[in-house]
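A.B. asks: A structural model of the following input is requested.
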Amino acid sequence: MLYAYFGAISMKEERLKEKVRTAIERSRMNLLSYQKEDGSFYGKVEFHMWSNAAYLLLIDYLEEKYSWKYEKKNKIIDWILHHQNDDGSWGDIMIKSKGNYRNTLLSTVALKQYADKKTLQKAEDWLKKYSGNKWLDPYTQMFLSIKRDVKIFSPPAFLSCIPESLGKLLGNLHMKCPKLFYWSIYLFPSAWTRNALPPLQIVSMIKNKKKLNYFDKQIISKLKKKLIESQLANGSWFDTALPTMGVIYALCECGENITNPKIQKALKFLDGLVDDKGLLSRFRLKVWDTALSIMALLESGMDYKDTSINKAINYLLSARTPKNVWAFSEYNVNLPDNDDTALASLAILKALGNGGRKYVENAVSYLLRMQNNDGGWGAFDRNQSRKALGYMPPYHLDYGHELKDPSTADVTAHVLQFLGEMGYGISNYHIRKAVRWLENDQLEFGAWWGRWGLAYIYSTTQVLQTLKAIGENMNKNYVRKAIQWVMSMQNDDGGWGEHYSSYYSQHPIKGESTAEHTSWCVLSLLECGIDPSSETIVRGIEYLLKLQREDGSFLSSYAAAAIDPGKYEIYSAIFPLWALAKWYRIIRGEIHEDS
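C.D. replies: Model prediction:
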C-alpha cells in the first residue's frame with residue numbers, strides 16, 4: 001500500500017514535470033518573439049489615459065497653429081473613447097477602474113470636438129458629481145491650457161539656473177535632516193522632474209503673464225537653448241513621451257515653426273510610440289527588458305552561444321553610456337540609473353561568467369559610489385532625498401512624491417544581487433550598510449514597498465531573491481518574516497496577485513492572481529530554499545500552467561509601476577518562463593537549493 005501511495009505521488013510529479021517542460025518550450029518561443037533586429041527586447045507599456053489625452057490636445061494645437069495633419073489621430077481618439085468607464089469617467093489605470101478626476105478632466109477636454117453628446121454628457125456629469133480631491137499637477141494644467149484659460153503652477157524659472165553642485169549639497173543636508181531641509185527637493189528634484197521642468201517653466205511664463213519683461217525673455221531664451229541642446233539622438237527628451245510633448249509645446253510657444261528639424265524629429269519619436277490601436281506608450285525600456293529577457297532565457301536552458309542571447313548581449317554592450325554603465329535605453333547617455341546598471345551587469349555576468357567581468361567592473365565602482373548615506377540606492381541620484389518607512393504617498397495626497405528619488409527596497413535589492421554575483425558578501429561594509437537599511441525599511445507585517453513595481457509583492461520578492469546571493473543568514477527573523485508574508489498572500493486559486501491601488505496604500509491590497517505576481521513569488525520562495533514539491537510551490541506552478549495560452553503567452557496585468565501603476569506587456573512573457581524553468585531545473589536536480 002505504501003509503495004502504491006508513493007508511486008502515485010511520483011507519477012503525479014512526473015506528469016507535472018512533463019507539462020512544465022512543454023510549457024517552458026512554448027513560453028521560450030513566445031519571449032523570443034519580442035526580440036528586435038538590433039538584439040534588444042521590449043514590449044508595450046500602459047499606465048492610464050493621461051498620455052493619450054495630452055497627446056491629442058497637442059495634436060489639436062499643432063493642427064490649429066500650423067495646419068499639421070497626423071494620420072494616427074483617429075486611432076488615438078478611438079483608444080480614449082474605448083476605455084471610458086460605464087459611469088462616464090476614465091480610471092486610475094488604462095482599463096476600466098475607479099474613476100480618476102485628473103484623467104477624466106483631461107480626456108473630456110481632449111474629446112470635446114470628437115465624442116458624441118451622450119459620451120461627453122456622461123463624462124461631464126461625472127466631473128460635476130465628483131467630490132474628491134481635485135488637485136491638478138502642473139503638467140496637466142499645462143496641457144489643459146491648450147483649450148482652456150488655466151493658471152499653470154510652475155516653480156520659479158531661476159531654479160533652472162541653480163548649479164548642480166548646490167543641488168547635491170542640499171540633497172546631502174536633506175539626508176541628514178529631512179524635516180528641516182524638506183524643501184530641498186524643490187531646488188534639486190528627481191532626474192525625471194529636472195528633465196520635465198524647463199518646458200513647463202517656458203509655457204507657464206508665456207501663458208500666465210500678459211506681458212513678458214526683459215528678465216522673463218532672457219530666462220526663456222536660456223531655457224530654450226538648454227532644451228535644444230539636450231535633445232537626444234532619437235529626437236526625444238529623456239527618451240519618454242511626457243517631457244518630449246512638453247518640449248514641442250514649449251518650442252512652438254517660443255515661436256519655433258513645426259518645420260524645425262528638431263520638432264520634426266521629436267514628432268517622429270512620439271509617432272513611434274503609438275501602436276496600431278492608438279495606444280501611446282510612455283517609453284520603451286529596451287535595456288531593462290533585454291536584461292530580464294536574457295536571464296529568463298538562460299534559466300530556460302539557453303546559453304550565450306545561442307544566436308538570440310548573443311545578439312541581446314551585444315545590444316547591452318552597445319547600449320552602455322560613456323561611463324560604461326547603463327540607462328533604461330541607449331539614448332539616455334547622460335543619465336544612467338542604478339536599476340538598469342545593476343540588471344544589465346547581472347545579465348552579462350550570468351551569460352558570460354568570468355568572461356563578463358571585464359564589461360561590468362566600471363558598474364561595480366559606479367554603484368558603490370551611488371550608494372546613499374542611509375545605505376540604500378535610489379534610481380538616478382545619490383543622496384537626493386529620504387523617504388519615511390514604507391510607501392510614498394501619491395502626488396494628489398502629498399505633493400512632492402514625484403520630486404523625490406530616495407532609497408527604495410527594489411532598487412537596493414537589484415544592486416545587491418549584482419554585487420553578490422561579483423563576490424561581495426555580508427562581511428563587506430557597503431553590503432552590511434545596505435542590509436541594515438533594508439531591515440529598517442521592512443514593514444511590521446514583513447513586506448517592503450516597491451516603487452518600480454507593484455508593489456509590496458514586487459519589492460519583497462526582489463529582496464528575498466537577493467539575500468542568498470550576498471550570503472545573508474536566511475534563518476534571520478526578518479527574512480523568515482518576509483517569507484511567511486509572501487506565503488500568506490497566496491490566493492485560493494494557487495496564484496498571487498496585488499490590486500493596483502496597493503501602490504497608493506500603506507498596506508498591501510490583495511488582487512486577482514496574475515502571471516507576474518505568481519512568478520515573482522515562486523521565484524523568491526525557491527531562492528529561499530522552499531521545497532519545490534511543497535503544496536505552496538506546486539499550486540503556484542499549476543496556476544501558471546492553467547494560465548498559459550496555446551501560443552505560449554500569458555495574460556499581461558498591471559504589475560509594474562513607474563510613479564504610477566502600469567502594465568509592461570513583456571513581463572508576462574519573461575517571468576512565467578523564468579519561474580517555470582527554475583522550478584523544472586530544481587526538481588530535476590540541476591540546481592541544488594539549500595534550505
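A.B. asks: Give me the neighbour count for the closest residue to E253 other than its chain neighbours.
C.D. replies: Nearest residue to E253, sequence neighbours excluded (CB to CB, 6 or more residues apart in numbering): I206, at 5.0 Å. Any C-beta I mention is one placed from the backbone N, CA and C, and that applies to glycine too. Using other CB atoms under 10 Å, the number of residues around I206 comes to 16.
A.B. asks: so what's the nearest residue to D92 once chain neighbours are set aside up against?
C.D. replies: Excluding its sequence neighbours, the residue lying closest to D92 (CB to CB, 6+ apart) is N100, at 4.8 Å. Counting by CB atoms under 8 Å, 6 or more residues apart in numbering, N100 touches 48, 89-92.
A.B. asks: What distance do you get for S300 to I586?
C.D. replies: 13 Å (CB to CB, to the nearest Å).
A.B. asks: same check, this time on I294
C.D. replies: Note on I294: its distance to I586, by CB to CB, is 20 Å.
A.B. asks: So for the two, which residue has more residues nearby?
C.D. replies: I294 (28 against 19).
A.B. asks: just checking, the more buried one touches L349?
C.D. replies: No. Judged on CB atoms under 8 Å, I294 makes no contact with L349 at a distance of 10.5 Å.
A.B. asks: following the strand or helix carrying the residue nearest to E253, which helix or strand comes up?
C.D. replies: Using DSSP states H and E, I206 sits in helix 191-208. Per DSSP H and E, the first helix or strand lying C-terminal to helix 191-208 is helix 214-229.
A.B. asks: Just after that following helix, pick out the following helix or strand.
C.D. replies: With DSSP H and E, the next secondary element past helix 214-229 is helix 241-253.
A.B. asks: Give the next helix or strand downstream of that next one.
C.D. replies: Using DSSP H and E, the helix or strand that follows helix 241-253 in sequence is helix 261-272.
A.B. asks: Go ahead and produce PDB holding the CA coordinates of the next helix or strand after that following helix.
C.D. replies: Once helix 261-272 ends, the next helix or strand along the chain (criterion: DSSP H and E) is helix 286-299. Listed in PDB are the C-alpha atoms of helix 286-299, where the atom choice follows Å, rounded to 0.1, in the frame of the first residue of the first chain:
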ATOM      1  CA  LYS A 286      15.000  48.400 -24.000                       C
ATOM      2  CA  VAL A 287      17.900  47.900 -21.600                       C
ATOM      3  CA  TRP A 288      15.700  46.800 -18.800                       C
ATOM      4  CA  ASP A 289      13.600  44.400 -20.800                       C
ATOM      5  CA  THR A 290      16.600  43.000 -22.600                       C
ATOM      6  CA  ALA A 291      18.500  42.200 -19.400                       C
ATOM      7  CA  LEU A 292      15.500  40.500 -17.800                       C
ATOM      8  CA  SER A 293      14.800  38.500 -21.100                       C
ATOM      9  CA  ILE A 294      18.400  37.300 -21.200                       C
ATOM     10  CA  MET A 295      18.200  36.000 -17.600                       C
ATOM     11  CA  ALA A 296      14.900  34.200 -18.200                       C
ATOM     12  CA  LEU A 297      16.200  32.600 -21.400                       C
ATOM     13  CA  LEU A 298      19.300  31.500 -19.600                       C
ATOM     14  CA  GLU A 299      17.300  29.900 -16.900                       C
END
